[in-house]
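Chemist: Model the following, please.
(chains A and B)
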Amino acid sequence: MTRINYNNLDLFSGIAPVPFVTREEQPVFYQNRWCLADKISLNGQITGVCEGFSGIKTRADLLIDRLSTSLQNFEIIEDGDSIYRAPVAKINSISFQDSNWAMVLPFTVELECYLSGLHSGFYGVSDPVNTFEFQESDDGTIELVHTCEAKGYATENGPALQNAKNYVSTISGWNSQVAPLYLGVPTTGILLKSVQESINRFEASYSLTETYKYDPENPVKGILRYEVSLESGNEGTVAASIDGNIEGGRNTSILDLRSIYSGTSFYTRANELYSGFFSGALNTIPVGFSFDEDSFVKNISFSVSYDNNSYPNPYLIDTVTINKSKKGGSSISFQGTFKWRGNCQCQNDFGWNQLNDFVNNYDYYGHVVRKWNQYGKFTPLNPIATSRSKGEDKLNCEITVSLDFEETSTIPPDGLDYFDYTLRVSPAIPKYASTPVICEGQYSITRLNYDRRARFTIEGSSKVGNCTDQLLGEALMKSEINRLAGIYVIGSRKVLEEASFTRGDSENPKVINFSYSWSSEAPRVLDIVY
Amino acid sequence: MQLIFDNAEVMSLSHTLQYVGDFNFRNEQAIDIQGVILDNNYSGVEPIWSSMSGMIAAVNDYSEIIVQGFSLGSGTLQSLTFDGDGPDVRQKRYSASILINKSGNLFNLTGTYYSGLSGLQNLRPDLVESFSESFDFSSDDKEVYGYNRNFDIKVLSGIGVNPSVIAKSWAGVIFSGAINLPFIQALYPTFYLQSGKKLHQESYDLINGEFNFSESFRFQDNDPFVWTFTHSAQFGEDGSQVSEKGLFEGVDINNYDTARQAYISNIGGAYNRCNNVYQTYIGTGCTLINSIVSQNITANKFGGTVEYDVIFSDRKDNLTGCFWEKSFDFVRNRDGYYTVSENGNVQGRGPKTYNPNAQYISAQTCFSGIYSGVYDRLTGLFLNNSGFLADCAGNLFLSEETYTDSEYNGAIDYNLTYTTNSGYNTSGAIFFTGNTLTDSQPVPLKASFGILNYKEIVTPVYRGNSSLGSLSNSINVFGSGTENSIQNLINSATSLIILPSGTDIHLEDVSYIFDPKAQNLNLSVSYNYVNYRSLLNIIV
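Modeler: Numbering: from 1, shown residues only, chains lettered A, B, ... in the order given. Modelled structure (predicted):
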């Protein structure tokens, strides 16, 4: 006794005898055979016997009604033993052939069953997709797009969409599923850049697209790419900027990228490319740098600027201005900007302290004397600057200084800021007496046969240093005057004619104006007509 | 696994040759079998259905096909139908379709265009469902040649084989085979044989066994790099400049080094290329200076490219080793003297090295030459401007100098002022600015008397007698740069004394003031002399 159940009910009970069964196995290929689709045709006859058309129609309606709920179990039972069972059967059609609907009504029911045992592929899905596309970029990185999708159908294990999702889930991820011919994939360092999922509930389709990126040459958890721009301006200095980024993926953390950043010497990389075009080397200390970190996108972009300025830290931007006048009064001034590359306030103001030491110990006088001589001036320069100023900009690690120096009569002794003098000399000359005589324009000129006493006057001004005692300063001044007198006052029978000085002026009490005179019996020192 | 068809009654076989072009790479044998499942025990439906299930369970991707105990080879089941034309008792009819793939015969995969491909015959062509290749050549307007090779293959599954392995082995042969293709436009017929960097794409469809491989390659002028560049010229008030912007792309394995070497080898010709542009579009009697004004390079190690631009200009301030800007001023004062000045800026070129700064050394070297030419430039310009200045000019003498010097910046600014005042005439360490002569000439000696309520009358003291004449020299001398001793200054000053004319000349007074700070000495010398008055006597 054979019985056919659908949805756990005897499908043909009270309707028709058990129909003939045609079973067709249709392989489904997706390259490999994915499964065998079991297509069942039930070919039978409804027999009405007594009721006529209404009876036939009633049974036909009953058959349709019993099959109205699709995707139920289907079973063929003989003598209580199941000889065929499909957990899920899809009712494709119910057709009744041409008939007079009187005594007999032939019918055909088409069902489609997918049995788990007839699947070599994943049970519960059709139209599977599992593709890998590798594309090499100019910069040596490789993009990998993994697409996996499927259309599900209902099984005893679950609804169609769930089956589709389960399948996609099993093949998702890189997992070294293929080994490319040219574009080798590292076992580490493959970055998942994006994931896109798409669901169509009614079609029960599910797709997943994963985009990866990797650097076959450097398989770490981040891709470092950069370029170096070298800008050579008018002066020949070269500015080098290394710009790039460290790119991560969804499967990396920002800490991975920071680790790569920490292990990367931007200077080495910038200098490597610089030295390919220019001689020398870049300064190891960057001129400036900027970093942008995006911890969501997992990206660190950077820009680090260097130049080939080899001045070490700290350094001086110097400007010296020399005014040379042929009639005296030449001067020289020094303007300097002392700078520290980088942040001078790190490590307890290390750089700032170094900068200050440099400023405070710099030999400004030596610098200006060198320039003074370079531009053809060899007269003495007073080592005490007539003015000096200093400005500090700690934020920018910059100190500006300005000093003015001037020519001097003589280098003042320690303790005096300046000592300027002039020498006034009336040298010894013969004395004459002249008397007019009574004749037009005639004179009697008589040489008196003696010379006048020569007279020497040293006069000028000086200033006692701020840190020098006033009396000590005056003593230094007098000592200097004596020294000069020893040089200039010549002859015998020297007599001090005048010794005066004024202490202080309206501007500064430490300024001294002086005037000292001597006379002597001196030789005629001038080579002139007497 | 074996797929056994017993009780087969009818079988048909169709042998079809599969081609790509003229190449038979695979053959298909389509076999249809009709038979019956028998149950000789008359045990009802169950044995028939059990046999059906047994046949179905034996279906695999590839199965050995056994018909009536005879093996037809390995094939795939395309369909299997059990007809429902009876009660499934004792017998049930079936029909099956089988497909068996066999290797084709690639005997003709030889000759000029297929060299190296004969090995495909051994790479399981029976499992290759289809394949195609395209080789696209292109030549653009920059004379850059390129190709894109594309290879598609669809592989059937087989027993114990991985379709992707077969696909890769085919692609390997296709891409590595020596090829000689008859491109019509290819001026370099074998450019695609160059070793170089090729960009690849690979695609694997693991479900359907479809695979794609492609590679692209660029080439130019038998070189391992591609070089493109453009020129642009600009004309403005500050002069003209021509720039060259270019890109080197390495196309060999060491593509970056190749691009860099290419840049170094070719950048030297940039001036000639730019000058050709300059002469065509701008220069009519002008000259583009052969010194780079600026140069920018962008080096991409990963992309294997070197991008650059260089600029040349026709501005005369662009000297070898430095830039030099200058201007001139001409001023005539009320006293009739001219002052002529040259203001200039010298910017050294070169790396900013420390101690010494090469940039500053360059500036110094430049300035040395510039300085030595100042006088000639100013003299020439001074004479050329005589039409405007409209005056008797005279010689120029240096009077003022200002220098602004920066070793760090490698720059020297200067202002040199010359004057026609001959008081600044100097050729040594000492010069004088003038000798002011005061000549108090003899006049009649007289006595004057006031007469009350009448007038003041004058009468000669001695008849016709005159006063003594006096000639005073006031001589200024200056030291010029070098510190001079007072004696040097005195010697220079005394050599300039002018004596009066007359008789009985005798020294009346001498004094001098020495200012060591200004290196200045002012010498005053006065002589008395006797001379008859030269001017008209006044008749009283």
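Chemist: So what's the residue count around residue 355?
Modeler: Picked chain A for this. For A:Leu355, the tally of surrounding residues (other C-beta atoms under 10 Å in any protein chain shown) stands at 23. No exception for glycine: its C-beta is placed from N, CA and C like everyone else's.
Chemist: was after chain B, sorry
Modeler: If you count neighbours by other C-beta under 10 Å, B:Asn355 ends up with 8.
Chemist: check contacts around it.
Modeler: Neighbour list for B:Asn355: empty [criterion: C-beta atoms under 8 Å, 6 or more residues apart in numbering or on different chains].
Chemist: what about it, distance to A:Leu282?
Modeler: Going from B:Asn355 to A:Leu282 by C-beta to C-beta, to the nearest Å gives 18 Å.
Chemist: which ones are touching residue 513?
Modeler: Because you didn't say which chain, this covers chain A. When contacts are counted by C-beta under 8 Å, 6+ apart, A:Asn513 touches A:460-461, A:501-502, A:505.
Chemist: if you could check chain B rather than the one you did, that'd help
Modeler: A:422-425, B:521-522 are the contacts of B:Ile513 under C-beta under 8 Å, 6+ apart.
Chemist: and with 6 Å instead?
Modeler: Counting by C-beta atoms under 6 Å, 6 or more residues apart in numbering or on different chains, B:Ile513 makes contact with A:422, A:424, B:522.
Chemist: Would you double-check that B:Gly269 falls in a helix?
Modeler: Yes - counting by DSSP: H, G, I helix; E, B strand; the rest coil, B:Gly269 is found in a helix.
Chemist: circling back to that earlier point, considering only the contacts of A:Asn513, which also neighbour chain B?
Modeler: Applying C-beta under 6 Å from any C-beta of the partner chain to those, one finds that nothing falls near chain B.
Chemist: Any quick ChimeraX command for the buried ones out of the residues you listed?
Modeler: Buried members of the contacts of A:Asn513, defined by 16 or more other C-beta atoms under 10 Å in any protein chain shown, are picked up in ChimeraX with:
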select /A:460,461,501
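Chemist: tell me which of the contacts of A:Asn513 is nearest to B:Phe449?
Modeler: For these, the minimum distance to B:Phe449 (C-beta to C-beta) is 48.4 Å, reached by A:Thr502.
Chemist: count of residues packed around residue 306?
Modeler: Because you didn't say which chain, this covers chain A. Neighbours of A:Tyr306 (other C-beta under 10 Å): 27.
Chemist: not what I meant, chain B
Modeler: 30.
Chemist: Please apply the same query to B:Asp314.
Modeler: 18.
Chemist: That one touches B:Thr284, doesn't it?
Modeler: No - here B:Asp314 lies out of contact with B:Thr284, judged by C-beta atoms under 6 Å, at a distance of 11.3 Å.
Chemist: Apart from its neighbours in sequence, what residue is nearest residue 460?
Modeler: All of this is about chain A. Spatially, and ignoring its direct neighbours in sequence, A:Gly460 is nearest to A:Tyr421 (3.2 Å; C-beta to C-beta, 6 or more residues apart in numbering or on different chains).
Chemist: The intended chain is chain B.
Modeler: Ranked by C-beta to C-beta, 6+ apart and with sequence neighbours excluded, the top spatial neighbour of B:Pro460 is B:Lys446, at 5.6 Å.
Chemist: residues near A:Ser262, how many?
Modeler: Neighbours of A:Ser262 under the rule other C-beta under 10 Å: 7.
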